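Participant: Quick one, structure for this:
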Amino acid sequence: MKIAILSRNPKLYSTQRLVEAGKTRGHEVDVIDTLHCYMDITSSRPSVRYRGKSLPKYDAIIPRIGASVTFYGTAVVRQFEMMGTFSINESVAISRSRDKLRSLQLLSRKGIGLPRTGFARHPDKIADLIKNVGGAPVVIKLLEGTQGIGVVLGETQKTAESIIEAFMGLNANILVQEYIAEAGGADVRCLVVGGKVIAAIKRQGAEGEFRSNLHRGGSAALTRLSKEERATAVAAAKIMGLQMCGVDILRSSNGPLVMEVNSSPGLEGVERATGRDVAGMIVEYLEKNARPNNTRTKGQG
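Facilitator: The predicted structure is shown next:
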């Protein structure tokens, strides 16, 4: 197959591993910087141009679209879809998962366990907003935050109110969620590919840190999932329409609670903690599901 990985940085661990896995399995793999793509939108011969040339029509793409470039990145993915290219995650599914509010509403509608969550822009009664999710301590999140940035723990009522007022002063959209104390600053990242959990790790926050993100100094270790956790991760991926994703789960006294569904999960932490060839399994999924793009045109390889 001819595969393109849409990534801003070819030196990232995940990008390098996907290139390595694809080439090891005998495929031609290119890394394309999403923001340097530009599109020729036409009904007859839609194309993607890159560095002054038309890109060939790939058999498959693996989008690694950063949250900050979701709008443009998903437009590029849509263009490839118009050209008959198979995408492991469709553009509409990436957009759906990146909208934190929409994704939580969709998961809630389908009965997936979630922390009690409030959404507000300018609440008249901040105290009531906090009370409605169970009272302090609460977790306050910027709707557009990633990798733990813009996530703050309001340990007391006054602290939480002050943080919310500060975010309101910035005209920010915020989520207020109940704090799951029994999780102990840890969550479980489940890697789902093709409707199956292929690997799972427990991410533990650094000492004194309630956020478990590896980018914030957390650690990762192999973990065994319960049947309920496995089923929850698979169901969450299906609801989002994602064939490859990371589902972040909190272990609570009320069962697994989904925190987020990530359409571009990092591979480094999970591969190193589990020893599994996750990149190879992603490429294997493409082999089983992508079809040759017989409408190829000449262009840059």
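Participant: Against which helices or strands is whichever strand or helix holds residue 16 packed?
Facilitator: Element membership for residue 16 (DSSP states H and E) is helix 13-24. When contacts are defined as 3 or more CB pairs under 8 Å, 6 or more residues apart in numbering; DSSP states H and E, helix 13-24 packs onto strand 2-6, strand 28-32, helix 268-274, helix 278-289. Where C-beta positions appear, they are placed from N, C-alpha and C, glycine not excepted.
Participant: now what about that helix, what contacts it?
Facilitator: Applying CB atoms under 8 Å, 6 or more residues apart in numbering, the external contacts of helix 13-24 come out as 3, 5, 7, 9-10, 28-29, 31, 62, 64, 266-268, 271, 277-280, 282-283.
Participant: again, only using 10 Å
Facilitator: Contacts to helix 13-24, defined as CB atoms under 10 Å, 6 or more residues apart in numbering, come from residues 1-10, 12, 27-31, 60, 62, 64, 264-272, 277-284, 286-287.
Participant: Output the below-cut-off pLDDT ranges for the stretch 101-250 of the chain.
Facilitator: 123, 144-149, 206-217 (pLDDT under 70).
Participant: For residue 240, give me its contacts.
Facilitator: 89, 93-94, 96-98, 102-103, 106-107, 192, 247, 261-263.
Participant: Pull the most distant pair out of those residues.
Facilitator: The span of these, defined through CB to CB, is set by 102 and 192 at 19.1 Å.
Participant: Tell me the buried residues in the one helix or strand residue 235 maps to?
Facilitator: In the assignment (DSSP H and E), residue 235 maps to helix 227-240. For helix 227-240, the neighbour count (16 or more other CB atoms under 10 Å) marks 229-230, 232-237, 239-240 as buried.
Participant: got the angle for the helix or strand that comes right after it vs helix 278-289?
Facilitator: The C-terminal neighbour of helix 227-240 among helices and strands, as given by DSSP H and E, is strand 244-252. Relative orientation of strand 244-252 and helix 278-289, computed by axes from the mean of the first three to the mean of the last three CA atoms, to 10 degrees: 120 degrees.
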